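Chemist: Here's a sequence, model it:
(one chain, ligands or ions: 1)
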Amino acid sequence: MTTIQHWINGSPPQGDATATQPVFNPATGAEQAQVVLGGTADVDTAVQAATTAFETWSESSLTQRTQVMFAFRQLLVEHEEELGRIISAEHGKTVDDARGEITRGREVVEFACGLGDVLKGSFSDQVSRGVDVHNFRQPLGVVAGITPFNFPAMVPLWMHPIAIATGNTFILKPSERDPSAANFVADLYKKAGLPDGVFNVIHGGKDAVDAILTHPGIEAVSFVGSTPIAKYVHEQATSHGKRVQALGGAKNHAVVLPDADLEFAANHITAGAYGSAGERCMAVSVAVAVGDAADALVEVLERKTREVKVGPGDAPGTEMGPLVTKTAQERVEHAVGVAAAQGATVVVDGRGLKIDGHEDGFFTGPSLLDHVTTEMEAYQEELFGPVLAILRVDTLDEAISVINANPYGNGTALFTASGEAARRFQRNIKVGMIGINVPVPVPMSYYSFGGWKDSLIGDSPIHGPEGIRFYTRPKVVTTRWPQPAQQVAAGFNFPTSS
Ligand code: NAD
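Modeler: Residues are numbered from 1 along each chain as shown. Predicted coordinates:
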């Protein structure tokens with residue numbers, strides 16, 4: 001059986017790992033590999049390699065760095081299908097969906113290819129007689145990324161292209177549930193001409209994370225995952241003097257007004273709820289039906305939910321694959337049972353689904369719950385599975401109040417034909433990413449991604465301009481080149497311009 005190794009200083013390290021963990025194929029339920037579990041010593045080896053690499057990489061020219069990004073981008077295009085299949089085999093999502101996440105991640109590489117423009121500083125001429133001021137930004141050093149299972153390519157790609165293009169060296173700690181994409185990407189970077197030690201991968205769980213959070217050689221930590229771990233990472237890493245960006249969990253609401261095109265809204269809400277088996281931080285998990293929209297919306301949603309094609313991620317025509325682990329499958333099916341016990345109407349019950357030839361796979365069908373209230377667990381918990389809860393309210397303002405009272409604030413959407421309603425919604429809602437007739441409003445790479453409230457711990461969203469800011473620190477230079485004939489005496493008072 002394959003053992004998935006770390007990637008340090010341009011290759012997998014030699015020697016036997018002391019601890020490993022199984023990696024499953026969620027469509028068959030079979031163990032298909034072992035992944036090594038790193039600890040303090042492995043993280044330290046990676047930090048040493050990254051520290052040495054930083055000495056030369058941070059001195060390389062902007063042109064050299066962006067040339068590597070251009071080559072890396074091309075390799076991502078050429079190997080998209082192969083990487084998509086690797087992701088599908090460990091995560092369970094369809095190959096097409098995996099290719100979609102690679103494309104969205106590649107857009108961050110494209111942003112990094114244009115770094116020469118975004119990294120320009122500013123210059124102020126003659127701020128005082130004979131004095132000019134300019135600023136520029138420099139890399140931090142060794143930085144690390146800790147990422148979740150649900151986007152094994154895209155979420156790390158939110159981080160490392162910007163970190164590396166700005167001159168840092170990077171250590172990725174991917175999810176132990178689908179670790180292979182990280183090593184594949186490491187090899188692509190090497191083929192793109194990235195020097196050894198600039199991009200490293202340490203596999204593992206809590207031990208590896210703790211070693212990263214406390215290592216004095218790491219300047220900054222980017223984290224994406226569940227809210228409790230985001231809070232832990234933020235607290236630990238900041239108390240060890242590091243910069244931290246920490247993105248957490250979500251409960252995303254799609255509000256449907258009576259004036260919306262219900263067929264259009266239901267189509268998009270179904271895809272947003274059940275795509276990737278609901279294992280997306282921007283998945284629609286609650287549909288908020290306003291007023292008269294409710295009965296008609298539920299009718300269309302029921303029809304569309306029953307039409308979702310569930311199967312192995314690599315089978316043609318599959319729209320929704322299995323969940324990532326048996327535990328996740330059991331957790332989601334249990335939550336549907338609890339919802340029914342608490343009074344929700346189970347309109348479509350996805351529990352107990354068996355796929356022919358894949359009886360041991362971690363499948364559950366899409367579930368649709370009506371008459372859910374904000375007191376129920378199905379509303380309060382992030383289920384992270386293919387369960388759509390319908391909440392009924394009377395007005396748009398009531399919908400806004402419900403969403404604002406929810407502890408999460410990652411994404412939300414409004415389906416309407418009214419510009420006035422859309423404007424009121426986007427101005428009053430306490431959520432970071434908003435879609436108007438767009439169910440999963442993931443910002444383009446040249447904007448930044450991040451929620452509000454418990455969906456973002458600290459103050460730094462990810463990629464785009466915020467990514468540049470996060471991975472660099474500024475310098476401001478005040479310059480005077482005195483002409484010999486114009487010598488002025490040094491003053492003892494605080495300097496002012498004149
Ligand atoms: P997770 O929090 O369990 O794991 C994320 C990372 O933290 C992994 O690398 C994991 O190894 C590590 N980790 C897990 N437990 C730890 C512990 N006790 N101590 C230290 N490190 C630990 O998240 P997940 O299940 O892999 O991913 C799903 C979660 O991620 C969902 O909550 C989802 O909403 C969230 N997510 C958020 C965004 C966003 O942009 N806000 C994007 C993707 C996923």
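Chemist: Could you report the neighbour count for whichever residue of the stretch 151-300 of the chain sits closest to the ligand?
Modeler: Residue of the stretch 151-300 of the chain nearest the ligand, by Cβ to the nearest ligand atom: Gly225 (2.7 Å). All C-beta atoms are positioned from the backbone trio N, CA, C, and that covers glycine. Around Gly225 there are 22 other residues, counting by other Cβ atoms under 10 Å.
Chemist: wait, does stretch 176-193 contact the ligand?
Modeler: Yes. Counting by Cβ under 6 Å from any ligand atom, the ligand has neighbours in stretch 176-193: Glu176.
Chemist: ditto for stretch 284-299
Modeler: No. Judged by Cβ under 6 Å from any ligand atom, stretch 284-299 and the ligand are separated, with a smallest distance of 9.8 Å.
Chemist: circling back to that earlier point, right, and the residue of the stretch 151-300 of the chain closest to the ligand touches Ile146 too?
Modeler: Yes. With contact defined as Cβ atoms under 8 Å, Gly225 counts as touching Ile146 (7.0 Å).
Chemist: intersection of neighbour lists for the two?
Modeler: Residues touching both Gly225 and Ile146 (Cβ atoms under 8 Å, 6 or more residues apart in numbering): Val233.
Chemist: quick one, strands of the stretch 51-200 of the chain?
Modeler: In the stretch 51-200 of the chain, the strands defined using DSSP state E, counting those that start in this stretch lie at 123-128, 131-139, 142-146, 169-173, 199-201.
Chemist: Around the ligand, which positions in the stretch 51-200 of the chain sit nearby?
Modeler: Residues of the stretch 51-200 of the chain lying close to the ligand by Cβ under 6 Å from any ligand atom are Ile146, Thr147, Pro148, Phe149, Asn150, Phe151, Val155, Lys173, Ser175, Glu176.
Chemist: for the worst-scoring helix or strand of the chain on mean pLDDT, packing partners?
Modeler: The helix or strand of the chain with the poorest confidence is helix 115-118; it has a mean of 93 (mean pLDDT, DSSP states H and E). Judged by 3 or more Cβ pairs under 8 Å, 6 or more residues apart in numbering; DSSP states H and E, the packing partners of helix 115-118 are helix 62-78, helix 464-470.
Chemist: Enumerate the positions of it that are buried.
Modeler: By neighbour count with 16 or more other Cβ atoms under 10 Å, helix 115-118 contains the buried residues Leu115, Val118.
Chemist: Could I get the pLDDT score of Gln487?
Modeler: For Gln487, the model assigns a pLDDT of 66.
Chemist: how deep is the residue of the stretch 1-150 of the chain found nearest the ligand tucked in, by neighbour count?
Modeler: Residue nearest to the ligand within the stretch 1-150 of the chain (Cβ to the nearest ligand atom): Pro148, separated by 3.0 Å. Neighbour count of Pro148, defined by other Cβ under 10 Å: 23.
Chemist: Could you find the closest non-adjacent residue to it?
Modeler: Gly225 (4.3 Å; Cβ to Cβ, 6 or more residues apart in numbering).
Chemist: now do Ile202
Modeler: Ranked by Cβ to Cβ, 6+ apart and with sequence neighbours excluded, the top spatial neighbour of Ile202 is Gly38, at 4.4 Å.
Chemist: cool, Gly105 as well?
Modeler: Leu157 (3.0 Å).
Chemist: dump the residue contacts of that neighbour.
Modeler: By Cβ under 8 Å, 6+ apart, the neighbours of Leu157 are Ile102, Gly105, Arg106, Val108, Val109, Val185.
Chemist: can you do 10 Å?
Modeler: Each residue near Leu157 by Cβ atoms under 10 Å, 6 or more residues apart in numbering is listed here: 76, 101-102, 104-109, 112, 145, 147, 151, 181, 185, 445, 463.
Chemist: Val346 belongs to a strand?
Modeler: Yes. The assignment for Val346 by DSSP: H, G, I helix; E, B strand; the rest coil puts it in a strand.
Chemist: Verify the stated contact: it with Leu388.
Modeler: No. Val346 is beyond contact range of Leu388, at 11.4 Å (criterion: Cβ atoms under 10 Å).
Chemist: Touching both of the two, which residues are there?
Modeler: Ser367, Leu368, Leu369, Asp370.
Chemist: Give the burial count for the second one, as a bare number.
Modeler: Residue crowding around Leu368 was assessed by other Cβ under 10 Å; the count is 27.
Chemist: which SS class is it?
Modeler: At Leu368 the chain is in strand, as set by three-state DSSP.
Chemist: Distance-wise, check it relative to Val286.
Modeler: Distance, Leu368 to Val286, using Cβ to Cβ, to the nearest Å: 12 Å.
Chemist: residues bridging contact with the two, i.e. touching both?
Modeler: Each of Ala273, Val387, Leu388, Ala389, Ile390 lies in contact with both Leu368 and Val286 under the rule Cβ under 10 Å, 6+ apart.
Chemist: beta partners for the last one?
Modeler: On the basis of DSSP bridges, Ile390 takes part in beta bridges with Ala287.
Chemist: And for it, the neighbour number?
Modeler: When neighbours are counted by other Cβ under 10 Å, Ile390 comes out with 22.
Chemist: who are the neighbours in contact with it?
Modeler: Going by Cβ under 10 Å, 6+ apart, the list of residues near Ile390 reads 256, 269, 286-289, 294, 297-298, 301, 344-345, 347, 368-372.
Chemist: again with the third one
Modeler: When contacts are counted by Cβ under 10 Å, 6+ apart, Leu388 touches 254, 269-270, 272-274, 278, 283-287, 301, 305, 347-348, 366-370, 372, 378.
Chemist: wait, does whichever strand or helix holds it contact the ligand?
Modeler: Per DSSP states H and E: Leu388 is located in strand 387-393. No. Strand 387-393 does not reach the ligand (Cβ under 6 Å from any ligand atom); its nearest approach is 14.0 Å.
Chemist: The closest residue to Val201 other than its chain neighbours: neighbouring residues, count only.
Modeler: Spatial nearest neighbour of Val201, excluding adjacent residues (Cβ to Cβ, 6+ apart): Trp7 at 4.0 Å. A total of 26 residues lie near Trp7 under the criterion other Cβ under 10 Å.
Chemist: just the one 5 residues further on next, same as before
Modeler: Around Pro12 there are 16 other residues, counting by other Cβ under 10 Å.
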